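> what's the 3D shape of this:
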Amino acid sequence: MSGSSPASSSTPGDTIVGPSGGLPGLHGLAEPVPAGVDPRLYNQDLAPTKREGRTWSAYNFFALWANDVHSLGNYAFAIGLFALGLGTWQILTAIGVGAALLFLLLTLSGYMGVKTGVPFPVMSRISFGVRGAQVPALLRGGVAIVWFGIQTYLAALVGNVLLIAVFPSLESLTESSTLGLSHLSWICFSVLWVVQVLIACYGMEMIRHYEAFAGPVILITFVALAVYVFVQAGGSIAWSPPDVLTGSEMWLQILGGGALWVAIYATFVLNFCDFTRGAKSKQAVVLGNLWGIPVNMLFFGLVVVILTGGQLSIDGTVITSPTDVVQAIDSTLFLVLACLALLTLTIAVNLMANFVAPSFALAAMMPRTLNFRRAAIVSGVIGFVILPWNLYNSPAVILYFLGGLGAFLGPLFGIVMADYWLLRRQRINVPDLYTFETSGEYWYRNGVNTRAILALIPSAAIAMVFAFVEGLGTFAAFSWFIAAGLGAVIYYVIADRTRTFADVDGESIAVPVRH
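Down below sits the predicted model:
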């Protein structure tokens, strides 16, 4: 099935413009769809993107990583390696190993988006079926919604520091609270929530522009912080922690750190196609990933060493986050600028890592009701009403809920990669991703590829064992690789090899990238 032109004068790429002028989706989702396409699987945001006019360049992908790599969570993780006994070259080696693996995995994942032009919930239909794809999409989206709320809460704490620095009298608002959050934090959280939802409402192109703006801001900020600490330390940096590891214990920590560095991006390697579907070319993905992942990540590692080693030289303490350095800045002006940069960073990370995936996932559930804009609002509302600060302050919730969901992400990646690269060898019938016809290539059995589900369950169960059983702590750092490998191997072994695969592009049903 290759699809054909829409039956009316409207083309698939037409923009539905609301009365406010410019925001898509205000009229509902009753626009025509191409012939042969099921409206329960297709709308303007889920459709494949036309190859001509794609806008994501190598710089856009570099800016994406410039924002995400320098997130506060990543700094907390890398600084933790210093606290665990790794010195400069060991930390850089751990990050370098992780960066090399991520470059390979994200490039393979990104190529899928360039070829097909579809977002992750639609990409999942290839290996899980047109109905079964809801499972990986919702698992990925569920994790992202919770983290969206948590990251917004953490940004609100930075907002508190900023406002109190400018208006000291506001500190009184931190002394009272409602539903577990201080009144000043409520103000900051609400404002940041509105800003992020508004940006997301304007779609992927607005997110692309914001990431492109935020990237240089973040890099300049962390260079400035590193220089500030270096000067404050009088040029004397403690390149190693007091109790540095050696021998086999050191190498296990290095390899474990590299593996955990990859696991941090377990969500992103799944849905990187959400971004690369707008890539100008495969070369743009490769160059953007090259500068944004190994080069940028090693630069990140150097900044970590300077911040931690410098602060250790200054006062003998090991910081846990760049915010520790920011809060110690004695100039109100520089403190405010640093806080604004950290807020810019958190918004950038949240948009790319925690807003895009659930928005596409929800849109895929109800394509005729939810487009990207409406789904973004729904995702944001859920991230608000779950009161994420209470979840963040509950270690059990973080460990068992997010850890449990995260255990499924490795197997999902393994299954999707094995199916796309090893079994099908990139032969994808894009129009068939949008049909419930029993003759469609991705119908499988009642729309579900049971073999993919059979591969997912045991590999995810094993991943949870490694994640939660204390006696297996040595292997916990490598659980994502174990789970991804198991998912790939099990699926490849039990996959149906009697099927034939057609390679049909989606240009006949595609829409412009700007829609």
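> so Leu192 makes contact with Ala155?
Yes - using C-beta atoms under 8 Å, Leu192 is in contact with Ala155, at 5.3 Å. From N, CA and C alone the C-beta is placed, and that goes for glycine too.
> which neighbours do the two share?
Counting by C-beta atoms under 8 Å, 6 or more residues apart in numbering, the shared contacts of Leu192 and Ala155 are Leu343, Thr346, Ile347.
> So for Leu362, what's the nearest residue that isn't a sequence neighbour?
Ala375 (3.8 Å; C-beta to C-beta, 6 or more residues apart in numbering).
> who's in contact with that neighbour?
Going by C-beta under 8 Å, 6+ apart, Ala375 touches Pro358, Ser359, Phe360, Ala361, Leu362, Ala363.
> Now, of those, which are buried?
Burial by neighbour count, judged by 16 or more other C-beta atoms under 10 Å, picks out Pro358, Ser359, Phe360, Ala361, Leu362, Ala363 from the contacts of Ala375.
> and Gly180, how many neighbours does it have?
Neighbour count of Gly180, defined by other C-beta atoms under 10 Å: 10.
> Could you identify which of the shared contacts of Leu192 and Ala155 has the most neighbours?
Result: Thr346 is most packed of those (other C-beta under 10 Å), 24 neighbours.
> For it, give me its contacts.
Remark: with contacts taken as C-beta under 8 Å, 6+ apart, Thr346 is in contact with Ser71, Leu72, Gln151, Thr152, Leu154, Ala155, Val158, Leu192.
> Spell out the residue ranges of the strands in the stretch 151-300 of the chain.
Listed in chain order, the strands of the stretch 151-300 of the chain (DSSP state E, counting those that start in this stretch) span residues 177-178, 181-182.
> quick one: low-confidence parts of the stretch 351-500 of the chain?
Within the stretch 351-500 of the chain, the stretches with pLDDT under 70 are 397-406, 473.
> got the residue ranges for the strands in it?
Going by DSSP E, counting those that start in this stretch, the stretch 351-500 of the chain shows no strands.
> Check the gap between the residue nearest to Phe272 when sequence neighbours are not counted and Ala361 for me.
Leaving aside its sequence neighbours, Phe272 sits nearest to Ser109 (C-beta to C-beta, 6+ apart; 4.4 Å). Distance, Ser109 to Ala361, using C-beta to C-beta, to the nearest Å: 17 Å.
> What segments of the stretch 301-450 of the chain are helices?
Along the stretch 301-450 of the chain, the stretches classed as helices by DSSP state H, counting those that start in this stretch are 322-327, 332-350, 356-365, 372-385, 388-392, 395-396, 403-406, 409-417, 450-468.
> so which of those gets nearest Cys201?
helix 372-385 (4.9 Å; C-beta to C-beta).
> Just the CA atoms from that closest one would do, formatted as CSV, please.
Only the C-alpha atoms of helix 372-385 are listed here, as CSV (Å, rounded to 0.1, in the frame of the first residue of the first chain):
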residue,chain,number,x,y,z
PHE,A,372,1.1,17.6,19.3
ARG,A,373,0.0,20.9,20.8
ARG,A,374,-3.0,19.4,22.7
ALA,A,375,-1.0,16.4,23.8
ALA,A,376,1.7,18.7,25.1
ILE,A,377,-0.9,20.5,27.3
VAL,A,378,-2.2,17.2,28.6
SER,A,379,1.3,16.0,29.4
GLY,A,380,2.1,19.2,31.2
VAL,A,381,-1.1,19.1,33.2
ILE,A,382,-0.3,15.5,34.3
GLY,A,383,3.2,16.5,35.2
PHE,A,384,1.7,19.3,37.4
VAL,A,385,-1.0,17.5,39.2
